[in-house]
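**Q** Build the 3D model from these lines:
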Amino acid sequence: MSVHRTPGLFTIIFLAALAASIFAAGREEQDSFVMGSIKALPGEVVSGYLEVPEKDGVGTRIPVTIIHGKTKGTVLALVAGVHGYEYPPILALYRLKGMVDPSTLEGTLVLVHIANLPSFQRRTIYYNPFDWKNLNRVFPGDANGTLSQRIARVLNDEIIRKSDCVIDMHCGDGNEALIPYTYWMISRDKALNEATKKLAIAFGIPTIIIDQERTRDPADSKYFGNTAILQGKAAITTEAGFLGGTDEKSIAMNIKGALNVMRHLKMIAGEPEPAAEPVWIDKYEVVNSSWDGLFYPLAEMGQYVAKGQKVGTVKDLLGNLKEEVRAPFAGIVLYIIGTPPTIKGEPLFEVGRVQGD
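**A** Presented below is the predicted three-dimensional model:
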C-alpha cells in the first residue's frame, strides 16, 4: 500500500530557498552606484543633483534619480530636458520614477529629469539664457567654458561615461510642430550600429531616421547622443511631442518607449512592443531662414511634399515678402515652425525622404 505524504513546512521552506539560491546564482549582486555626490545602494531609489560649478558667479545643477537594482545588468540613462522647453519627456521621466521597482530591476536606471535647468526655468527655446548657446551643439563640453559647455562636460563625465546605453529624449520645442520620430545614428562600428538599430525599433516610434550626417570628431561631437556613440555607447535620440505642449498622448509615448527599451535590455520583465513596420528615412534636410522676420507656413507636420513645393514664406518686420521656401526634395515634413518669429540662419522646417522613394 502506497502512502502519499504532504511535505512538511520545513521541507517547503528548504526547497523554496534552494530554488531561490539556484536562480540567484546566475544573477550577480552589484555594488553601490555613485554619480557625482549621489550614491545608491542596491535596491535603492535615490534622487539628488549633479552640480555644475560656478564661473563668474553663474552655475547650475542637474536633477537626477538613480534606480539601482539589486543585481547587475545594463546601466541605462534616460535624459530629458537638453532643451528646456521640451516638456513631454521631462514629465514622462518624473512619472517613470514611481513606476520602476528597484527590487525587481536588473541593472541601473538613471533618470536625468532636466539636463538644461536654466533653459527650463526661463522657458527659452533652444538656448541657455546665460550664454545663448544650444546645449545640444557644444558636446563634449568644457569644464572651463561657458555655462552650456560646463553642463555638457558634467553630462559627458557623469552620465555618458558611467552608462552602457543612453536615450536622449526630445520633442518639438515651443516653436516646432513635429511628428514623432527617432534618430538611428550610424557609426563606423557595425556591431554598435546593430545594437542601436534594435534600440530604435524597440522604442516603438514608427518613423526612424537613418542618420549618417553627425560629426565623427570626439573632440567636437556637438550632440549628446552622438557623443555617446563616439564613446562606444549604444544611443538613440527620440522626438515625441510638439509645440512645447504637455499633451497626455506625447507623455505616454515617451513612457512607453522607455519601458520598451528596458524590456528589450532585459532590465524589467515582459516583451517590448516595437514599431511593427517602421518607416525608414534615408535622407533629411533642415531648411533655414535667410531673413529675420515672420514665417508663414503653407504645409503641416507629417504632410508629404513634392520637390520644389512651396512650404512657406518669410516676410520682414515691415510685412514685405522676402523669401519663398521650398522643399529640397520629395518627402515628409518632419517638423515645421508653428510660430511666427524667425531669425536668419535658424530652422524653418525639415524634410525627410522615405527609403525607396
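**Q** domain parsing for this structure?
**A** Each domain of the chain is listed here as a residue range: 33-264, 282-354, per automatic domain parsing.
**Q** Just put the ones you listed in JSON lines and tack on mean pLDDT.
**A** Formatted as JSON lines, the domains of the chain follow (pLDDT from 0 to 100):
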{"stretch": "domain 33-264", "mean pLDDT": "97"}
{"stretch": "domain 282-354", "mean pLDDT": "98"}
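**Q** Out of those, which gets nearest to Pro274?
**A** Proximity of the domains of the chain to Pro274 was assessed by CB to CB; the nearest stretch is domain 33-264, lying at 4.7 Å. C-betas here are computed from N, CA, C, even on glycine.
**Q** burial count for Asp101?
**A** Burial of Asp101 is recorded as 12 neighbouring residues (other CB atoms under 10 Å).
**Q** sorry, that was for Ala202
**A** Residue neighbour count, defined by other CB under 10 Å, stands at 21 for Ala202.
**Q** just checking, it touches Pro272?
**A** Yes. In terms of CB atoms under 8 Å, Ala202 counts as a neighbour of Pro272; the distance is 4.6 Å.
**Q** Which among the domains of the chain is found nearest to Ala276?
**A** Shortest separation from Ala276 across the domains of the chain is recorded for domain 33-264, at 7.6 Å, computed as CB to CB.
**Q** Please measure how far the first residue of that closest one sits from its last one.
**A** Length of domain 33-264, first residue to last, CA to CA, to the nearest Å: 22 Å.
**Q** same check, this time on stretch 318-329
**A** Rule used - CA to CA; the end-to-end distance of stretch 318-329 is 31 Å.
**Q** which neighbours do Ala202 and Pro272 share?
**A** Residues within reach of Ala202 and of Pro272 at once, by CB atoms under 8 Å, 6 or more residues apart in numbering, are Asn260, Val261, Arg263, His264.
**Q** From those, pick the one nearest Asp142.
**A** Of all these, Val261 has the smallest distance to Asp142: 30.3 Å, by CB to CB.
**Q** how many neighbours does that closest one have?
**A** Burial measure for Val261: 26 neighbouring residues, criterion other CB under 10 Å.
**Q** can I assume it sits in a helix?
**A** Yes. Val261 sits within a helix when classified using DSSP: H, G, I helix; E, B strand; the rest coil.
**Q** For it, which residues are in contact?
**A** By CB under 8 Å, 6+ apart, the contact list for Val261 reads Leu76, Cys165, Ile167, Leu199, Ala202, Phe203, Pro272.
**Q** picking up where we left off before, so of the domains of the chain, which one's packed in deepest?
**A** Ranked by mean neighbour count, the domains of the chain are led by domain 33-264 with a mean of 20 (mean count of other CB atoms under 10 Å).
**Q** which ones are touching Ala327?
**A** Shown here is Ala327, whose contacts under the criterion CB under 8 Å, 6+ apart are Val287, Val305, Ala306, Lys307, Gly308, Gln309, Val311, Val351.
**Q** what's the most distant pair in these?
**A** Using CB to CB, the pair of the contacts of Ala327 lying farthest apart is Val287 and Ala306, separated by 14.5 Å.
**Q** returning to that earlier point: could you export the domains of the chain as TSV, including distance to Ala276?
**A** Shown next, in TSV, are these (distance: least, CB to CB, whole Å):
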stretch	distance to Ala276
domain 33-264	8
domain 282-354	16
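**Q** how about the helices in the stretch 1-150 of the chain?
**A** 9-25, 87-97, 117-122, 147-154 (DSSP state H, counting those that start in this stretch).
**Q** mind checking the SS state of the closest residue in space to His264 that isn't next to it in sequence?
**A** Beyond its immediate neighbours in the sequence, the residue positioned closest to His264 (CB to CB, 6 or more residues apart in numbering) is Ala202, lying 3.8 Å away. In terms of secondary structure, Ala202 is helix; the call rests on three-state DSSP.
**Q** quick one: contacts for Ala202?
**A** By CB under 8 Å, 6+ apart, the contact list for Ala202 reads Asn260, Val261, Arg263, His264, Pro272, Pro274.
**Q** Next, find the distance separating the nearest residue to the last one once chain neighbours are set aside from Leu334.
**A** In this case it means Pro274. Closest residue to Pro274 apart from its sequence neighbours, by CB to CB, 6+ apart: Ile201 at 4.7 Å. Relative to Leu334, Ile201 is positioned 18 Å away (CB to CB, to the nearest Å).
**Q** Kindly report the same for Ala234.
**A** Per CB to CB, Ala234 is found 23 Å from Leu334.
**Q** repeat for Pro341
**A** Applying CB to CB, one obtains 20 Å for the distance of Pro341 from Leu334.
**Q** Same check on Thr237?
**A** Using CB to CB, which is the criterion applied here, Thr237 is 13 Å from Leu334.
**Q** Also Glu51?
**A** In this view, Glu51 and Leu334 are 36 Å apart by CB to CB.
**Q** where exactly do the helices run in the stretch 151-300 of the chain?
**A** According to DSSP H, counting those that start in this stretch, the helices that the stretch 151-300 of the chain contains are 190-203, 224-230, 248-264.
**Q** No more questions from me, cheers.
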